[in-house]
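Engineer: Build the 3D model from these lines:
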Amino acid sequence: MQRLIMWFQQHIRNGTLSPALDLALVPFAFAYGVGGRFRSYLYRLGFLKTRSLSCPVISVGNLTVGGTGKTPLVIALAQWLHNQGKRVGVVSRGYGRNDEKQILLVSDGKKILLDSQKAGDEPILIATRCPGIPVIVGTNRYAAGRQLLSQFLCDVLILDDGFQHLALKRDANLLLVDEESRFGNGYLLPRGPLREPSIGIERATALIVTRASSTKNSVIAQLCTSASLEMPIAISNFFLAGFVNLRTGELLSPEALSGKRCIAFCGIANPNSFSSMLEGAGVTIHEFLSFSDHWRYTSEDLQTIWNSTEGCSPKLVITTEKDAVKICHRLPASLEVVAARMELEWKEGQESLEEHLMYAVNQG
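Structural biologist: Below is the predicted model:
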């Protein structure tokens, strides 16, 4: 089933579905769109309630499924707010965990309390990268937020992947758009990658363009014309900050693996961005193994990866930090396994975005 989902996700993202399958998905996409609009009307008319928490909420989300860089942005915002002296908490759904009905504390800010199977890979990564910040998971983000606030004093909560979660009021609603993939083929799920029509951009209080190679490009012009002129628009990209040795925890420089051959693997929504980043760092990829987003690695999967290193000397395996949290306790002694650490950098609009966020936190 995982491999069928992976195949389907790749074709949806690349727009390579066969004409017959594309046609067959039209009624399902139509029904999905009708259901989404009806749900929005119910919230707008008050039949479904939007509830507030006792502290400001900053939501980070997108209009498409996966791959826009929400997790690196959540990490960057949490670290920035923490450095500004704010007491920060993070609320996430915890996609892909064993029991998504439970509300579970992932980290108390001092210690990570769960593994990726119980918490989900992204919450574990956020907790790992954000010491001092409690992280909780729950499908009901309002209930999860209340539980977190009952245990910790927080000045602000960051809602991970919350743009469509209309049940919780937010004081800042950040919408991410990937400069490379944008809105895909423009169709709703399951015919395309859109979770809702692009008109949903109107709910955003700020736009963040990710993976932008330049501050002058067409997607930014499109967003400026479709969004409120009063809305901050920030331009960002991701850069390789280094490689984490999964056995020792040592952070190697971005240049440390230049000229080396490796096996690379990942289970993320945008695998091409990962392989391109490695090539940009001067790493020669002997073999690249791509899995579906949030992939749960079986023993057979890992054995296939480890066996692929036979043509490499030294035997080097590189993955993402998101994947690393799922395999870090299952490493063979004979291999060097590292995770690429990606961080966010601002190209334009950082100051206006930070002013927007601080206003939301202080006025919320």
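Engineer: Helices along the stretch 201-350 of the chain, start to end?
Structural biologist: Remark: helices assigned in the stretch 201-350 of the chain by DSSP state H, counting those that start in this stretch are 218-226, 271-280, 299-307, 321-327, 350-363.
Engineer: Can you add distance to residue 165, mean neighbour count and mean pLDDT and give those back as a markdown table?
Structural biologist: The way it works is simple: take the backbone N, C-alpha and C, and place the C-beta from them, glycine included. Formatted as a markdown table, the helices of the stretch 201-350 of the chain follow (distance: least, C-beta to C-beta, whole Å; neighbours: other C-beta atoms under 10 Å; pLDDT from 0 to 100):
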| stretch | distance to residue 165 | mean neighbour count | mean pLDDT |
| --- | --- | --- | --- |
| helix 218-226 | 22 | 14 | 60 |
| helix 271-280 | 26 | 17 | 94 |
| helix 299-307 | 31 | 14 | 96 |
| helix 321-327 | 21 | 23 | 97 |
| helix 350-363 | 17 | 16 | 96 |
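Engineer: Quick one: low-confidence residue ranges for the stretch 151-300 of the chain.
Structural biologist: 215-229 (pLDDT under 70).
Engineer: Relative to residue 315, which of the helices of the stretch 201-350 of the chain is closest?
Structural biologist: helix 299-307 (8.5 Å; C-beta to C-beta).
Engineer: Now do the closest one: distance to the chain's middle.
Structural biologist: For helix 299-307, the separation from the chain centroid amounts to 25 Å (computed by C-alpha atoms, centre = their mean, to the nearest Å).
Engineer: Alpha carbons of that helix, as PDB, please.
Structural biologist: Extracted in PDB, the C-alpha atoms of helix 299-307 (Å, rounded to 0.1, in the frame of the first residue of the first chain):
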ATOM      1  CA  SER A 299      14.000  -3.800   8.000                       C
ATOM      2  CA  GLU A 300      13.900  -4.800   4.300                       C
ATOM      3  CA  ASP A 301      14.000  -1.200   3.100                       C
ATOM      4  CA  LEU A 302      17.000  -0.400   5.300                       C
ATOM      5  CA  GLN A 303      18.800  -3.600   4.200                       C
ATOM      6  CA  THR A 304      18.300  -2.600   0.600                       C
ATOM      7  CA  ILE A 305      19.800   0.800   1.400                       C
ATOM      8  CA  TRP A 306      22.800  -0.600   3.300                       C
ATOM      9  CA  ASN A 307      23.500  -3.100   0.500                       C
END
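Engineer: got the contact list for that helix?
Structural biologist: With contacts defined as C-beta atoms under 8 Å, 6 or more residues apart in numbering, helix 299-307 is touched by 263, 265, 289, 291, 295, 317, 327, 330, 332, 335.
Engineer: Name only those of the residues you listed that count as buried.
Structural biologist: For these, a burial check counting by 16 or more other C-beta atoms under 10 Å picks out 263, 265, 289, 291, 295, 317, 327, 335.
Engineer: So which of the helices of the stretch 201-350 of the chain is nearest residue 21?
Structural biologist: helix 271-280 (21.8 Å).
Engineer: packing partners for that closest one?
Structural biologist: Counting contacts by 3 or more C-beta pairs under 8 Å, 6 or more residues apart in numbering; DSSP states H and E, helix 271-280 is packed against strand 233-245, strand 261-266, strand 284-290, strand 336-348.
Engineer: Thanks again, I'm all set now.
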